[in-house]
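Visitor: need a 3D model of the following:
(one chain, ligands or ions: 1)
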Amino acid sequence: MTEERLPVRKVKVTALCELCHGRKAVMKRPKNLQKLCKECFYNVFETEIHNTITDAELFKPGDVVAIGASGGKDSTVLASVLKTLNERYNYQLKLVLLSIDEGIKGYRDDSLATVKRNQAQYEMPLEIVSYKDLYNWSMDEIVACAGMRSSCTYCGVLRRQALDRGAAKLGINHIVTGHNADDVAETVLMNILRGDTARLEKSTTIVTQSTGSPIRRSKPFKYTYQKEIVLYAHYKKLDYFSTECTYAPEAFRGTTRELLKSLEAIRPSCIMDIIYSGEHLTLKPKKKKVTPKYKNQKKVNDEVEVNADGSVSLNKEFKDGNRCEKCGYLSSNKICKACMLLAGLEMNRAKVSIENNASIDGAAKLSKTLEQLSF
Ligand SMILES: Nc1ncnc2c1ncn2[C@@H]1O[C@H](COP(=O)(O)OP(=O)(O)OP(=O)(O)O)[C@@H](O)[C@H]1O
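Guide: The predicted structure is shown next:
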């Protein structure tokens, strides 16, 4: 996520807070340009998140909830606000920090140091799960093998499963993430621009769950502006890590983000308006699948269906609770997405190793390597 300058609009020193009418206003609230003092800002910011949580009935007393903690501003503010609300409204939650170490030198190692400090500051247990341990690949190795272009695709799929596995290891079935209103609006816009109606339908859902997984994910910041998260972290002096990921952000998302920022500058409410539009979109019912013309004509390849993302689904008898044939983790597909990507990487690594060996020792070494290959 692009790090931005502190989004405080200048307010005349004499202006009073429009909520308490007693204290001096120190900012114009990014969401609606209301002039507020610090205390009233904290209050509306936290109360809106509390309302999101209660309206969507995200938690129930006694829940153990894992906070996806990257050390960045969103998840750090999320940990801080959830701790505050849990105490203020007696949610009776047990909060745990769950971090994924993707293995990105100079980035994730530093941000994990922040999460470790947060662990002490917020008095929450911390679990760290690494790509290297789970998949035997770090992101640095993946990029060295597959290049920068698709790094976000690999990282997204692997992180999703890593978070699920980390939560499962702790016996937790609810993960909250710091995805905010800007992220949600950006996703709606991106799916409209791509004509991706299947994803568009789901892009504003506050609670999601992968097929086959018992673990729910939710976004308590669904209606929280990124600029307000930055302001809150700044005024509260929260300890967070603010460096960009070493690898390039997904190009199309980056462009959509810029578009959204330009729109927000002209009309701050457009972030909420896009989310509202996404929530109220009604899509045409999907066309029914074409069935074979003749009763006795058997569908070719009845057992297996290849999905748009390259993964393979079994026929309808393959139900939730099934496991990936390669890694054994829960998956509604025969081979889970992570294993599909990793298999592609292994093939690439083998290819690179063949090419390297060929240049050193020539054809004899190449045929020897080929004999050893098994996919
Ligand atoms: N390495 C990680 N470990 C645990 N959770 C993560 C990790 N990376 C991302 N997340 C979760 O996913 C959310 C969105 O991640 P994204 O990569 O979009 O970063 P971001 O918007 O900059 O968030 P943050 O400021 O929290 O880093 C984060 O707020 C966090 O809850």
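
Visitor: the residue of the stretch 251-375 of the chain found nearest the ligand: what's it in contact with?
Guide: Among the residues of the stretch 251-375 of the chain, Arg253 lies closest to the ligand, at 9.5 Å counting by C-beta to the nearest ligand atom. For glycine as for every other residue, the C-beta is placed from the backbone atoms N, C-alpha and C. Arg253 makes contacts with Cys152, Glu186, Met190, as judged by C-beta atoms under 8 Å, 6 or more residues apart in numbering.

Visitor: quick one: what helix or strand has the second one in it?
Guide: Put plainly, it is Glu186. helix 181-194 (DSSP states H and E).

Visitor: so which elements touch that helix?
Guide: helix 197-202, helix 226-235, helix 251-266, helix 270-280 (3 or more C-beta pairs under 8 Å, 6 or more residues apart in numbering; DSSP states H and E).

Visitor: please identify the most buried of these.
Guide: For those, ranked by mean neighbour count under the definition mean count of other C-beta atoms under 10 Å, the leader is helix 226-235 at a mean of 22.

Visitor: run the chain-centre distance for that one.
Guide: Helix 226-235 has its C-alpha centroid displaced from the chain centroid by 19 Å (C-alpha atoms, centre = their mean, to the nearest Å).

Visitor: now do stretch 58-76
Guide: Chain-centre distance of stretch 58-76: 13 Å, with C-alpha atoms, centre = their mean.

Visitor: which parts of it are buried?
Guide: For stretch 58-76, burial by neighbour count (16 or more other C-beta atoms under 10 Å) applies to 58-59, 65-76.

Visitor: go on, stretch 28-46?
Guide: Buried residues in stretch 28-46 (16+ other C-beta under 10 Å): 28-31, 34-38, 40-42, 44-46.

Visitor: now what about stretch 113-126, what contacts it?
Guide: 67, 69-71, 76, 79-80, 83, 95-99, 128, 239-241.

Visitor: tell me the buried residues in it?
Guide: Thr114, Val115, Lys116, Asn118, Gln119, Tyr122, Met124, Leu126.

Visitor: now intersect those with the strands, please.
Guide: In strands, defined here by DSSP state E, the members of those are Leu126.

Visitor: OK, contacts around the closest residue to Tyr235 other than its chain neighbours?
Guide: Distance criterion C-beta to C-beta, 6 or more residues apart in numbering; nearest residue to Tyr235, sequence neighbours excluded, is Lys38 at 5.5 Å. Shown in contact with Lys38 (C-beta under 8 Å, 6+ apart): Arg23, Val26, Met27, Tyr235.

Visitor: ok, Lys202 - contacts?
Guide: Thr208.

Visitor: from Asn191, how far off is it?
Guide: Look at Lys202 and Asn191: by C-beta to C-beta, to the nearest Å, they are 9 Å apart.

Visitor: hey, what's in contact with both of these two?
Guide: With C-beta under 8 Å, 6+ apart as the test, Lys202 and Asn191 reach no residue in common.

Visitor: list the contacts for the residue nearest to Val64 when sequence neighbours are not counted?
Guide: Distance criterion C-beta to C-beta, 6+ apart; nearest residue to Val64, sequence neighbours excluded, is Lys94 at 4.4 Å. By C-beta under 8 Å, 6+ apart, the contact list for Lys94 reads Asp63, Val64, Val65.

Visitor: at 10 Å what do you get?
Guide: Applying C-beta atoms under 10 Å, 6 or more residues apart in numbering, we find Lys94 in contact with Gly62, Asp63, Val64, Val65, Ala66, Asn86, Met124, Pro125, Ile172.

Visitor: for the third one, give me the pLDDT.
Guide: In this case it means Val64. For Val64, the model assigns a pLDDT of 98.
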